[in-house]
Structures are given as structure tokens and as C-alpha cells.
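**Q** What follows is a predicted structure for the sequence shown.
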Amino acid sequence: MQREAGPRACGGGQMKRRGAGEREKEAKKKKLLDELGESRLPYLTPKDDGFNELWKRKYSKLILRSAEKIPKDIHEGVQEAFFTLRKFGCFFQDLVRIKGNDFFTPVSRILIGSPGCTYKYLNTRLFTVPWPTESYEINYSRPEISRACKALLKLNDYMHRETTRALQEQKLTETKEIEDCAVIDRSLDYAPSITATGSTLRDQSPPYAPKNDCSVLKERSSYNLTLLNYMDPQQMPFLKQEPYFGMGKMAVSWHHDENLVERSTVAVYSYSCRDDLNMTHQHCVLAGLCPRFSSTHRVAECSRGTLHCILGQCNTALQNMPADLKDVSLQSLDVAAIKLVEETHNEVEFEWLRQFWFQGKRYRKCTEWWSKPMDSLEEFWRKMEFVTSLLLCEIRKGEQMDEQRNKRIDCVLPLLIQRHELRQEWLARCHSQLAESLPEDEKPECRPYWEEDDPDMPLPFDLEAIIHDLESLQKKMES
């Protein structure tokens with residue numbers, strides 16, 4: 001139904017593994033298309049015999065609910081929310097990164113959800129416009145946008161309840177089928193030739209669900225955000241044709257959804273529930289003919305991608321900072337402490353600050369909620385620049401044993417190389433032709449950025465000279 005490293009490769013195994021996985025995937029696609037030639041794979045539609053049987057057998061975790069089963073007040077509130085957000089220009093085409101190149105997404109999007117949550121896809125981190133949440137002060141730019149966010153929160157709560165109920169019903173059905181098999185099997189226990197088989201089946205198939213199944217199902221559908229999409233096929237003339245089945249033009253090509261909790265469900269208005277279908281199956285979105293909206297409710301993976309988490313990481317990393325800023329020595333020169341600070345430094349700069357400001361001032365159209373958190377993260381980042389400068393001063397001192405100094409250089413050098421290369425990449429992206437074509441309030445901002453002689457910054461923006469010095473020092477020690 002569905003970065004490319006420079007000469008100084010860094011960031012290690014994860015980037016290489018991801019690159020290898022993508023190359024393997026591309027090779028499989030090319031092989032299939034080569035085999036197909038001009039022909040296309042067959043597929044079934046609801047009009048075809050065998051459609052329902054195939055659905056039950058291969059796509060049993062795709063559940064559809066007709067629109068009339070959703071309460072009228074939810075329909076009205078959500079549809080008004082869609083048009084309100086579009087009216088005030090809150091849907092945006094994302095400038096995403098694919099295989100080292102930038103592209104505008106054909107579909108326009110906005111992310112709404114729990115305060116401080118983010119969602120990442122195609123190397124782009126989206127930040128939630130927060131829906132109303134107890135103990136959070138959220139000031140919206142307009143009362144209409146406030147109402148829209150409330151309506152989508154109401155839909156989210158409804159989707160959570162319905163998904164949990166559907167999963168429970170499905171679990172009961174599966175359990176009953178297991179029990180029926182066990183009953184049939186027990187009736188055959190008297191036949192000598194299959195007694196052993198029957199015993200194994202009963203042992204491997206518990207006749208009831210574990211007591212904590214209910215809470216597990218609720219967690220798998222505890223949606224913390226919704227990615228809203230808007231598309232008008234008539235305004236999208238350069239869409240690709242679906243390549244495998246000949247289904248027509250696609251608004252979104254075949255893909256797995258990213259950044260989700262494993263085995264969590266995805267609920268789409270009007271209603272689709274996926275469980276691990278997203279892990280085992282890809283999906284695409286056909287363009288169709290009419291403009292349309294969708295609200296895709298997700299359990300985003302939040303072990304790293306929340307404001308609360310990154311602020312905690314910053315506080316932990318900066319424990320290595322001297323208590324008195326007049327002090328010019330770090331609390332620890334242990335390699336583990338250095339690694340923690342410098343990795344957090346890179347994460348704050350490239351996964352938060354640059355991602356946020358690359359999207360211009362778009363979030364202000366709905367709320368200023370992210371302004372203070374971004375100020376806090378930038379202040380943490382400045383302190384980490386200071387920590388890095390102190391570390392480099394320590395490395396340049398001749399008082400250390402060569403072995404200790406070499407270990408510290410081995411630790412910090414790859415992270416500085418990664419920082420330098422990513423800064424150059426983001427700088428180029430912010431001034432690309434596509435970026436410059438955006439309206440003024442959507443234009444990417446290269447932030448943080450500073451000139452070479454900025455007295456407030458302890459290190460230069462361009463790290464080439466520092467990297468060269470460290471590499472020279474390393475070679476000198478090795479010779």
C-alpha cells in the first residue's frame with residue numbers, strides 16, 4: 001500500500017551505517033524497477049475479489065473507520081481548525097535535505113502537540129505549536145489559532161480512546177482464535193500421531209492476555225503530537241508518477257514514517273491505525289484531484305527530541321564548567337567528560353538552534369512559545385563554546401604527558417571536524433537559491449553566526465585553523 005561526509009569523515013559508525021542502509025535500499029529499488037521495465041505490479045482495490053481476504057491476511061493491523069462514526073462536533077471543530085490555520089498562513093512547505101541536496105516538500109505542513117516536543121523527518125526537525133496543556137502558559141497570536149489547537153487536542157484525545165479500544169478488540173479476537181485452536185488441539189490429543197504437536201501449541205500460546213496489556217496498548221496510542229498536512233494537486237505540477245503499480249501521481253513517495261516509538265500506532269483523520277505496519281510496510285500518498293487536509297497523530301520518539309531532555313543534557317554537560325567564570329581551568333580533563341560536553345555542544349547547535357532558525361520566523365505566526373527556550377539553549381551553547389576554548393588552552397599547554405594529550409586530541413578532534421563541516425553546510429543551505437526564494441518571514445537564518453573579530457566569542461566560527469593546529473600537534477607527538 002506505500003550527509004554526506006567530507007574528506008574528514010566523522011560522527012563515526014552511525015552515519016556510515018545509515019549511509020550503507022540507504023545505498024542498499026536504493027539498490028533494491030533500482031533492481032526492482034529494472035526487472036519491471038515497462039510493466040507494473042498488480043494490486044487490488046475494494047472492488048476486486050479477494051481484497052478483503054488479502055487485507056485480513058496481510059494488513060490486519062490497518063483499521064478503517066467511516067467518517068459518520070466520528071462525533072459531529074469533532075468533525076466541525078477539526079475542519080474549522082484546518083481552514084483557520086490555512087487562512088492565517090500556518091502551513092509551510094519544508095526545505096528538506098535528501099542525499100546532500102535541498103528540496104521543497106510538495107505537501108505543506110504544521111506540527112501541533114505537547115509543549116517542547118519535536119518531530120524529525122528528512123533531516124528536518126519540526127517544533128510543535130503547543131496545544132493547550134495544564135501548567136503551561138501558552139499565548140497564541142490569535143484567538144482563532146487557540147481554538148484550532150484546542151480542536152486538534154480534542155481530536156487527539158478521541159483518536160487515543162478509539163485506537164486503544166480498537167487494539168483491545170483486536171487483541172481479544174486474536175486471543176479467542178488462540179483459545180479456539182487450543183480447544184481443537186485438545187480434542188485431538190487422543191490421536192497418537194499428533195499428541196506432541198498439540199502439547200507444543202498449547203505451551204506456546206497463552207490462553208489469555210497478560211494483565212498489563214491494557215496499559216501497554218494505551219502507551220502505544222498515547223499520541224503526543226499531530227503532523228497536519230495540506231495539499232492541492234492542482235497547484236503541484238511537478239509530481240512524480242508512482243513507479244511500481246502505475247497508480248498515478250504521488251504527493252508523498254513510498255516511505256516509512258520516522259522518529260516514532262517502536263510498534264506505536266499512527267492515527268490519521270479520517271481514521272487509520274497502524275501498529276507495527278509502519279515497520280513492515282511502506283506507504284505512499286497519491287495526489288488525487290481535490291485539495292485535502294489530514295491530521296496524522298503519532299507517538300513521537302521523545303527519549304532525546306524534547307526540550308526537557310536537551311535542557312537536562314546541557315545542565316549535565318556544563319557540570320565540567322568552572323564555577324567561577326574568571327577561572328581558566330575545567331573541572332575535569334577526563335576523556336568521558338570532554339566527550340559529553342562536546343557531543344552535547346554539537347547536538348544543541350545542529351539539532352536545535354540551527355534547525356529552528358533555518359525555518360525562519362514561521363512559528364511566530366502561531367505563538368512566541370519557543371522564544372524563551374531557544375534563548376536558554378543559545379545561552380547554554382555560548383557556555384559550551386567557552387568550555388571548548390578552555391579545553392583547547394589545556395591541550396596546547398606543554399605540561400601534560402603526551403599520552404594524555406593524545407587521548408584528549410583523539411576525543412575532541414573528530415567532534416570539531418564535524419562541527420566545522422556542519423557549520424559550512426548550514427551556512428551554504430541558508431544562502432542557497434531555494435532559501436533566498438522564500439518570503440521574508442520564512443527565510444532561513446544562519447544562527448548562531450559571528451564574524452572573526454567578535455569580542456564576545458571565545459572561538460572563531462570557522463574552525464579550519466584550530467583543526468589544522470590540532471592535527472599538526474598530533475603528528476608531532478606521533479613522530
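**A** Yes, it's here. Numbers count the residues shown, from 1 in each chain.

**Q** Now do the buried residues in the strand ranked longest in the chain.
**A** Counting by DSSP state E, the longest strand found in the chain is strand 101-113. Of the residues in strand 101-113, 102, 105-113 count as buried by neighbour count, 16 or more other Cβ atoms under 10 Å. No exception for glycine: its C-beta is placed from N, CA and C like everyone else's.

**Q** And stretch 432-445, by the same measure?
**A** In stretch 432-445, counting by 16+ other Cβ under 10 Å, buried: 435, 438, 442-444.

**Q** how long is it from one end to the other?
**A** Start and end residues of stretch 432-445 are separated by 12 Å (Cα to Cα, to the nearest Å).

**Q** That one: how far from the chain's middle?
**A** Stretch 432-445 sits 23 Å away from the centroid of its parent chain (Cα atoms, centre = their mean, to the nearest Å).

**Q** Kindly report the same for stretch 389-398.
**A** Counting by Cα atoms, centre = their mean, stretch 389-398 comes out at 37 Å from the chain centroid.

**Q** Run through who's touching it.
**A** 322, 328-330, 333, 338, 341, 400, 405, 408-409, 412, 458-459, 466, 470, 473 (Cβ atoms under 8 Å, 6 or more residues apart in numbering).

**Q** average pLDDT across that stretch?
**A** Here stretch 389-398 scores 90 as its mean pLDDT.

**Q** Could you give me the buried positions within it?
**A** Here stretch 389-398 shows 390-392, 394-395 as buried, counting by 16+ other Cβ under 10 Å.

**Q** Of those, which is the nearest to residue 72?
**A** residue 391 (61.9 Å; Cβ to Cβ).

**Q** Could you point out the helix or strand that follows the helix or strand residue 342 falls within?
**A** For residue 342, the host element (DSSP states H and E) is helix 335-347. Once the chain leaves helix 335-347, the next helix or strand it forms, by DSSP H and E, is helix 354-358.

**Q** residues in contact with residue 71?
**A** Contacts of residue 71 (Cβ under 8 Å, 6+ apart): residue 158.

**Q** Report pLDDT for it.
**A** 93.

**Q** can you tell me how far it sits from residue 222?
**A** Going from residue 71 to residue 222 by Cβ to Cβ, to the nearest Å gives 21 Å.

**Q** And the residue nearest to the spatial centre of the chain, its phi and psi?
**A** Nearest residue to the geometric centre of the chain (Cα atoms, centre = their mean): residue 120, 2.5 Å. Backbone torsions for residue 120, taken as degrees, to the nearest 10, come to phi -110, psi 130.

**Q** what are the bridge partners for it, then?
**A** For residue 120, the beta-bridge partners under DSSP bridges are residue 125.

**Q** Extract the C-alpha set from the helix or strand hosting residue 53 and format it as CSV.
**A** Using DSSP H and E, residue 53 sits within helix 51-58. The C-alpha trace of helix 51-58 is given here as CSV (Å, rounded to 0.1, in the frame of the first residue of the first chain):
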residue,chain,number,x,y,z
PHE,A,51,-9.4,-7.6,-1.5
ASN,A,52,-10.9,-8.2,2.0
GLU,A,53,-9.3,-11.5,2.3
LEU,A,54,-5.9,-10.0,1.5
TRP,A,55,-6.5,-7.1,3.9
LYS,A,56,-7.3,-9.5,6.7
ARG,A,57,-4.3,-11.8,5.9
LYS,A,58,-1.6,-9.3,5.2
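
**Q** you'd agree residue 335 is up against residue 406?
**A** No. Using Cβ atoms under 8 Å, residue 335 makes no contact with residue 406, being 10.6 Å away.

**Q** so what's in contact with these two at the same time?
**A** Counting by Cβ under 8 Å, 6+ apart, residue 335 and residue 406 have no shared contacts at all.

**Q** Return the members of the contacts of stretch 389-398 classed as buried.
**A** Looks like the contacts of stretch 389-398 have 330, 333, 338, 341, 405, 408-409, 412, 459, 466, 470, 473 buried, using 16+ other Cβ under 10 Å.

**Q** Is residue 244 in a helix, a strand, or coil?
**A** For residue 244, the assignment made with DSSP: H, G, I helix; E, B strand; the rest coil gives coil.

**Q** Near it, how many other residues are there?
**A** 15 (other Cβ atoms under 10 Å).

**Q** still on that earlier bit, what average pLDDT does the helix holding residue 53 get?
**A** On average, helix 51-58 scores 89.

**Q** Stretch 266-275 now?
**A** If you average the pLDDT values across stretch 266-275, you get 62.

**Q** now swap in stretch 333-350 and tell me
**A** 97.

**Q** Could you list the residues in contact with that stretch?
**A** The contact list for stretch 333-350, computed with Cβ under 8 Å, 6+ apart, reads 310, 313-314, 316-318, 320, 330-331, 377, 380-381, 384-385, 387-388, 391, 394, 404, 407-408, 411-412, 415-416, 418-419, 422, 426, 448.

**Q** just the buried members of those?
**A** 310, 313-314, 317-318, 320, 330, 377, 380-381, 384-385, 387-388, 391, 394, 407-408, 411-412, 415-416, 418-419, 422, 426, 448.

**Q** Excluding residues flanking it in the chain, which one is nearest residue 116?
**A** residue 307 (3.3 Å; Cβ to Cβ, 6 or more residues apart in numbering).

**Q** show me what contacts the closest residue to residue 356 other than its chain neighbours?
**A** In space, and not counting its chain neighbours, residue 356 is closest to residue 374: 5.8 Å by Cβ to Cβ, 6+ apart. Going by Cβ under 8 Å, 6+ apart, residue 374 touches 352-353, 356.

**Q** give me the number of residues near the residue nearest to residue 402 when sequence neighbours are not counted?
**A** Using Cβ to Cβ, 6+ apart and skipping the chain neighbours, the partner closest in space to residue 402 is residue 477 (5.0 Å). By other Cβ under 10 Å, the residues close to residue 477 number 12.

**Q** tell me the SS of residue 477?
**A** At residue 477 the chain is in helix, as set by three-state DSSP.

**Q** I'd like the distance between it and residue 333.
**A** 16 Å.

**Q** Partner strands of the helix or strand just after the helix holding residue 53 and their direction?
**A** Following helix 51-58 in sequence order, the next helix or strand is strand 63-64 (DSSP H and E). Strand 63-64 has the following sheet partners, assigned by DSSP bridges: strand 272-273 (antiparallel).

**Q** Tell me how far residue 104 lies from residue 97.
**A** 12 Å.

**Q** Over to residue 228?
**A** Distance from residue 228 to residue 97, by Cβ to Cβ: 22 Å.

**Q** For residue 396, see how far away residue 337 is.
**A** Here residue 337 is placed at a distance of 18 Å from residue 396 (Cβ to Cβ).

**Q** ok, residues contacting stretch 455-462?
**A** Contacts for stretch 455-462 (Cβ under 8 Å, 6+ apart): 385-386, 388-389, 392, 420, 423, 449-452, 466.

**Q** Closest one to residue 56 out of these, please.
**A** Distance to residue 56, by Cβ to Cβ, is smallest for residue 423 among the contacts of stretch 455-462, at 52.7 Å.

**Q** just the angle between the helix or strand that the closest one is a member of and strand 101-113, please?
**A** Assigned by DSSP H and E, residue 423 falls within helix 402-430. Relative orientation of helix 402-430 and strand 101-113, computed by axes from the mean of the first three to the mean of the last three Cα atoms, to 10 degrees: 90 degrees.
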